[in-house]
Each structure stands twice: as C-alpha cells, then as structure tokens.
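Visitor: give me coordinates for this.
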Amino acid sequence: MMNLGIGTRRKSGKLQPFDSMAVLDPDTLTEIKNLFSKVRTYAKPSSREWRIPDPNVVLRHPPQEHCRLQALKVSLNGVKNQLSDKNVQVWHQHTNSTNRAGKVIAAVRSAANAELCTQAWCKFYEILGTFNPLPQEALHNGELNTVHLCEAPGAFITALNHYIKTNQSTCYCDWSWAANTLNPYHEANGGNMTITDDRLIANTLPWWFFGSDNTGNIMVQKHLLELQEFVSNMHRVDMVTADGSFDCQENPDEQEALVASLHFCEVTAALLLLSPGGSFVLKMFTLYEHSSVCLLYLLNCCFHSVSVFKPATSKAGNSEVYVVCLNYEGKEAVRPLLSKLIRNYGPHLADREALIPNSLLPESFLKQHEEVCVYFHMLQVETITENLQLFEEISFEQRQRLDRIRDYTAHEYLQRFQVSFLPLSQWISRHTVTPACCSVSAGQSLGQKKQMGSFNERRELQTLSWRERIERGCHAAWIQRHCTDAGGTGCVLEGLLSECHVDSWYILIGAALPALRNSPFCEGGLLNHLNEALMDTVVDWTHVPPCGSCHVVCTASILSDVAGICVSKGHSDGNKNKRQCLVFGSHSVWGTSESQIEDLVLTFSVEPSPPQRQGITLHDGEPLYQQQLLACVVLSLQSLNSGDALLLPVFSALTRVTAAVVLCLHVCFRSVTFRCPPPTGMVGAVLVCIGFCPKPAARILPFLTDVHNCMSKLLKGEDNVSKNETDRQVLQFVPMDELLTGGLTEFLWTLNSEIIHQKLHLLMQT
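Guide: Alright, predicted model coming up:
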C-alpha cells in the first residue's frame, strides 16, 4: 500500500498523478508507515484463563494501585508539567504545525466532500479502514444497525455514512443508526461538558436519544434502560461507538480517573445493547489506573479481539487512544455480571469499589497490559519532548522535512483508506435547519468555551473575583461600554412566520431546571460571566440603581414609534379604525397617564414578575415566570384585533420556552423587534410587536392555552408522574427544528447579548 515515490491528487472523485516533491529517504518512509501502525492487540492464552469474573466478587473490594503503571503516570505527568507555562493557543498552533497528520483534514475535505469533516471524522474513518469493525454477518444479511454514545457533534456517524456509501461493493446494506449525547439544547447541561456544535443534530433530531429528562446524560441508570427501548426496533445492534470525555484541562494530571465512571457506563451500555458478533469502539486515555485495568480485562473476556489503537489522525502528544473490540460473545455469556453492573450503574460507578479485585486479574493479562501502557507512554513522551525542542528552535531544514512528511501523510491517508468523493445528495443531513452553532453576532460563533493563556495563568485566574476575571477577559471593553438607547434598533423579525407546523408541536416535560448553564440562544462565555456575578452578588432586579452614563430608551419614543407605524399601516390598508396597543406594565412605569397617543389606544396590564432570589441563575427558566409570560401572550392573542400592537417586557430569552414565546409572536405579528435597555423600572428588554394578525393567532391559541394549563398544574404539583417527582416543568413546546429556522436564533442571540451586557454592566457598577 505504501507508494510514496509517485503521488496523486484527487479531482472529481478520482486520484490524479502528480510529480513527487522529492524521493523520500528510508527513515522518512518508515516514519510515515509507523504513523498508521500504532496499535497493540491483546493475545488471549489458549488456556482460557481470562474469564468473566463471578459477579459475587465484583464491586466489593477497594481499588489497588499497580506500582509499575503508577510510575508511568508520574513519569508522563512530569513531562506534561513542562507545558504548564505555555500559552495554550500558541502551543496548539505550534503542535498543529508539527503534527504529521495535520494536513489530512484539509485533504479529505478537498478530495472527498466529506460531511462534518473534523478530526473525529478522520479518526473514525481510519478505524473503519484499519479494523473493518462492521460485522460480516450484518453486511451479508444486508442490514446494519449502529448505536453511537456521547456522539456530539456526530462525526462518527457521518464518517460511517461516507464509508458505507463509497464502498457499496463490500458494504451494501440498509443502515439504521441511533445516537446519544448530552443535549446541547438543555439549559441545565454545563457548558464545559456539553458540545454545542449541533450541525448534524439540528437536522436529525428524531435519531437522537436524550432520555426522559431530556438531558441526554448516559450516566443516569433509567436512561440506560430507556435507550435499550429506544433502539428496540432494531433487529440487532451490530456496532456501538463511545467517544465520550469531559473537559479535564483544569486538572489534566487526573484525566483518566475523572472519566473512569463514564467509561464504565459506556462499556455497560455496549454490553447491554450489542448482539453476538457485534463490535465496540471506545475512546480512552492513559490506562494506568486500576479502573482501566479492570475495564480492559472485562472487554478481553467479552470480545474475541481487543486492540488499543492510536490513529495517525489523533494528535500524537495527547493521551487519547481507541479500544477496538471485535466479535462480541453475547449477553448470555456476561448476563450475571451485566445485571450487577446495571444495578450499580451511575456517575460514581468507578469511584467506590474496584470492578475486579487484583487477585482475580491473571498475571498473563497484567503483563500484556503493562506492555501496552509502556508502548503508548513512549510514543507520547517522545512527541511532547520533540515538540518542546522544536518550540525553542526549529531550523529551516527541520521545517522543510516536516512539511514534506505532512504532505505525504495526507496523501497516504487518502490512498490507504481509499477515501472517495461523496455527492451532497448522499449526505445524512440536507441542512434544512440552520443549527444554533452557525448563528453569529459580531463575527463570533456559538461554540465551546475557548481556553486562554497558560495552564498556570488559568489556575491563577480561578483565584480572582468575578469582576477581575471579566476585566482580564475578552469581553471587558464591551461590558464596560455604556448602554445607548439604540439597543435593538435594526434587529427585526419582519413579516409573519408562514411555515408554522402547529400540528407537530408537543409539550416536553422534564425535571425542573436547577440553573441555566447553557443556551443555544447566546454565547456561553457571557452566560458564564453573568452566572458567576449573580452567585456572588445580592441583587434585586426591580431595585437595581441605573448607571448614570447609560442612555435608557424613552417610553414616549417607543409609544410614538408604535403609533406612527400603526396609524400609517391602518390608513394604507384602508382601515381607519383606531389601533389598540396592549402594554404590559403600569402607567407609572411607562410615564403616561394618557389612554391614547395620536390614534393609538393604550391598554395596560400587569407584566410578568422577575424571577425570585432563589432562582436568580434560572433567569427566564423559572417556572412561575414562564407561566406568567405565557399568560400575557395568551391574553394578547385573545384580546387584540387586526393591526394592533403589543409591548411585552422579557427578562431574557435564554430558554427554549421563552424562545418559543418569541416565535409565537413572530407567527402572529408582522413585525417583532425589541428595545434595550427598557424603560425605567425594568431590567431586560421590551418586545415591540406590531401588526397583529388574528388568523394565525387562532391556529396556535388552543395549543398555547393547553401549555399554560399544563404549566399551572405543574406549579401546583397536580401533574406529577409519581410521588418522587415533585419538581417538573415544561422544557419545550415548539420543536427545536422550528426554533432554529427563519432568523429567530440570530434575533435571540442579539436580544440576549444586549440583555446580558446590560445586566453585567449594572453589576459591575454595584
């Protein structure tokens, strides 16, 4: 397969020859070949002494350290600690430039038109091409079923689709898949654990399992059994992948221990779901702790073949490895132990007792496992050491050689795994829905929290107050900028939202939100800043002193603008009847005792009360606030006439419920915009809705009434599933794919950015 004297370039799906830049020397050829050969496979003794342990002895003994493995851990951490003073962005830029496989992703994107082509895509495609983990029995029968755990953003799925579609001669089959991940739309999921890239998820929601509480947390016991039911329509499960991890960058020395329980849960799920002969691919890291030793032994007892693999496309300086398990023995062989694992299933499965006592681990296994650990330890230390040396100084000749290796590694990847062009028509997602992660404001995407500075600097940052962290952060100048009365001007949802599938709307109820840690409708970094400030500050939003240098929008200006638009629209359509404007708020707040401005008749009603102190980090997620807000909308739709206007204060629009409220207003009014900061006495923004249309309102009003009644029952505790579930709330009532259409996400992004700016600005003055 190695053919590096003459290269090729891919054009229109075919490999085209090109002249080699240089004849590679034997050492370079060997280096490139070795990049794709970083694998160690366990060899089971013929004596069959590696046996599934008796369930009566598992999870009953304290874990024991393995001295030689712990010495490897100390050695590796000693090398990694040399990176503690390196700026993470500068270091990543450097290691990206020295990464031998650093050009593979770009080559695959160019040559193959790969969907969601990320590093994870390339790693899994490499696993598929190296191990061929798709069971031959499934391919022979023409039906393949796969389950993907901790899968966001979904690159393993798109890589598998590409592999199947471009290898029809050997992989012709009807393929069904299901996936699980922490729900990027669930507001209580922490931003440091939740991948917010929803490019695939937004367009394939029915295939994703998030559990009865909608969090998607696979470490919840009932979710494991619900997942089994979710995939019960599959005749058999042929492959399970598990690509889960946590953000351990603040405690990198203990990454393996921190993710141990997650790995146990992923393995338990795979053993429960897989059919005999199935395959399992599990991402792990270092394998030094007793929990990892036990896990690898268990997998060796349950599968005919177990290999530890470091893909060429996995950055060589990190600890990531993939455990590839082929030909599952089947649930019958492991059922007694599996039952005990399920009974003890949860986020602390690996924290208490050892899965298997040390006395039951055969010496022949421990010897092989140690050899595996020594091998991958050597590879990682060599890479980090080289990167440190090149970071200090890299010669022209070294850079030239690296660039040549990077070019040929990308070419070798395309050739070795026969990466072929896939037409857009054969992608999984047709991108009919704009994902939240693609919404932008000021050039910033809705993405993960970015690591800044060095590890030592980030650790020091954690000792500072929230104010000092803001002052040192990238949002400092923006937050300290004084508000103007133009906030919201120019951000408009124009025209009625015509595509509204009310018949497909449904009420999603789950556990009550403890706090809002994540939102698809704002930047995560800003929400984190606000939550930190609120946790450290006693604040009553109804009595926060205004900033003397900020310009709050004038109430008369808002009312005058509304009157002008309503009157002109009324005359232009031949309707000279006076328009009504329903205002939620008191006469005194709006600074007028008049019931009429020009030809606009004002009607005042009570606005929703802001969240109470105990729900301060719930923002607009507090159930009582949501119920009152929806009551205002229902009242509006019942009382307004054609062409009328609505002024509705909102505290924020971070949750799916409040986002759906805004969408409903977009359905019923010809124009929806906002003003922020709002008039004196309120914090948040005022939604300005003009041009009411009764016909679409009549369509959605019965459903909104049902939602409001459901909220009221939940607040009274009348709609609980069981006596043990007293705190539940409506999490969503418009499907996410509709919340992500028609510019709504970007509108909400701008709205929430202005509101959070206003609140942080005021808190900085307090």
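
Visitor: quick one: A316 and F376 touch, right?
Guide: No: counting by Cβ atoms under 8 Å, A316 does not reach F376; the two are 10.3 Å apart. Every C-beta, even on glycine, is put in place using the N, C-alpha and C of the backbone.

Visitor: which residues do the two both contact?
Guide: K310 (Cβ atoms under 8 Å, 6 or more residues apart in numbering).

Visitor: which helices and strands sit right next to the top helix by length along the chain?
Guide: Across the chain, the helix with the greatest residue count (assigned by DSSP state H) is helix 363-392. With contacts defined as 3 or more Cβ pairs under 8 Å, 6 or more residues apart in numbering; DSSP states H and E, helix 363-392 has these neighbours: strand 39-41, helix 67-80, helix 88-98, helix 290-302.

Visitor: mean neighbour count, those: which tops it?
Guide: By mean neighbour count, with neighbours taken as mean count of other Cβ atoms under 10 Å, helix 290-302 ranks first of the helices and strands packed on helix 363-392 at a mean of 23.

Visitor: what comes up buried for the next helix or strand after that one?
Guide: Downstream of helix 290-302, the first helix or strand assigned by DSSP states H and E is strand 303-309. Across strand 303-309, burial judged by 16 or more other Cβ atoms under 10 Å covers F303, S305, V306, S307, V308, F309.

Visitor: between the longest helix of the chain and helix 67-80, how many degrees?
Guide: Here helix 363-392 runs at an angle of 10 degrees relative to helix 67-80 (axes from the mean of the first three to the mean of the last three Cα atoms, to 10 degrees).

Visitor: continuing past helix 363-392, what's the next helix or strand?
Guide: Toward the C-terminus from helix 363-392 - assigned by DSSP H and E - lies helix 396-416.

Visitor: quick one: that following helix to chain centroid distance?
Guide: 33 Å (Cα atoms, centre = their mean, to the nearest Å).

Visitor: got the angle between the longest helix of the chain and helix 290-302?
Guide: 120 degrees.

Visitor: for helix 363-392, which positions count as buried?
Guide: For helix 363-392, by 16+ other Cβ under 10 Å, it's 365-366, 368-370, 372-373, 376-377, 380-381, 383-384, 387-388, 390.

Visitor: and the residues you listed, which is closest to V552?
Guide: The closest of those to V552 turns out to be N387 (Cβ to Cβ; 53.1 Å).

Visitor: I figured that closest one was touching T98, is that so?
Guide: Yes: assessed by Cβ under 8 Å, N387 is found in contact with T98 at 5.7 Å.

Visitor: out of the helices and strands packed on helix 363-392, nearest to F604?
Guide: helix 88-98 (52.6 Å).

Visitor: output the contacting helices and strands for the closest one.
Guide: For helix 88-98, the packing partners by 3+ Cβ pairs under 8 Å, 6+ apart are helix 363-392.

Visitor: the helix it packs on vs helix 396-416, what angle?
Guide: Using the same axes, to 10 degrees: helix 363-392 against helix 396-416 is 130 degrees.

Visitor: what average pLDDT does helix 363-392 get?
Guide: For helix 363-392, mean pLDDT rounds to 97.

Visitor: what angle do it and strand 303-309 make?
Guide: Going by the same axes, to 10 degrees, helix 363-392 makes 20 degrees with strand 303-309.

Visitor: how far away is the residue lying closest to L526 once chain neighbours are set aside from Q480?
Guide: Once flanking residues are discounted, L526 sits nearest to I756: 4.8 Å by Cβ to Cβ, 6 or more residues apart in numbering. Distance, I756 to Q480, by Cβ to Cβ, to the nearest Å: 14 Å.

Visitor: shaky segments in the stretch 151-300 of the chain?
Guide: Residues of the stretch 151-300 of the chain that meet the criterion pLDDT under 70 lie in 191, 248-251.

Visitor: related to what we said a few turns ago, which of I756 and Q480 has more neighbours?
Guide: The residue with more neighbours, out of I756 and Q480, is I756; 21 against 14, by other Cβ atoms under 10 Å.

Visitor: that one and D561: what is the separation?
Guide: 25 Å.

Visitor: go on, P311?
Guide: 59 Å.

Visitor: which of these two has more neighbours?
Guide: Shown here are P311 and D561; by other Cβ under 10 Å, P311 has more neighbours (26 against 17).

Visitor: residues touching the more buried one, list them.
Guide: Counting by Cβ under 8 Å, 6+ apart, P311 has contacts K38, C122, K123, E126, I127, T130, Y322.

Visitor: please repeat the previous calculation with a cut-off of 6 Å.
Guide: Applying Cβ atoms under 6 Å, 6 or more residues apart in numbering, we find P311 in contact with K123, E126.

Visitor: can you pull the pLDDT of it?
Guide: 98.

Visitor: which SS class is it?
Guide: Using DSSP: H, G, I helix; E, B strand; the rest coil, the structure places P311 in coil.

Visitor: which residue lies nearest the spatial centre of this structure?
Guide: I195 (2.1 Å; Cα atoms, centre = their mean).

Visitor: quick one: least confident helix or strand in this structure?
Guide: Lowest mean confidence among the helices and strands of the chain (mean pLDDT, DSSP states H and E): strand 444-445, at a mean of 36.

Visitor: tell me how many other residues surround V544.
Guide: Neighbours of V544 (other Cβ under 10 Å): 15.

Visitor: does it touch L762 like I think?
Guide: Yes: with contact defined as Cβ atoms under 6 Å, V544 reaches L762; the gap is 5.3 Å.
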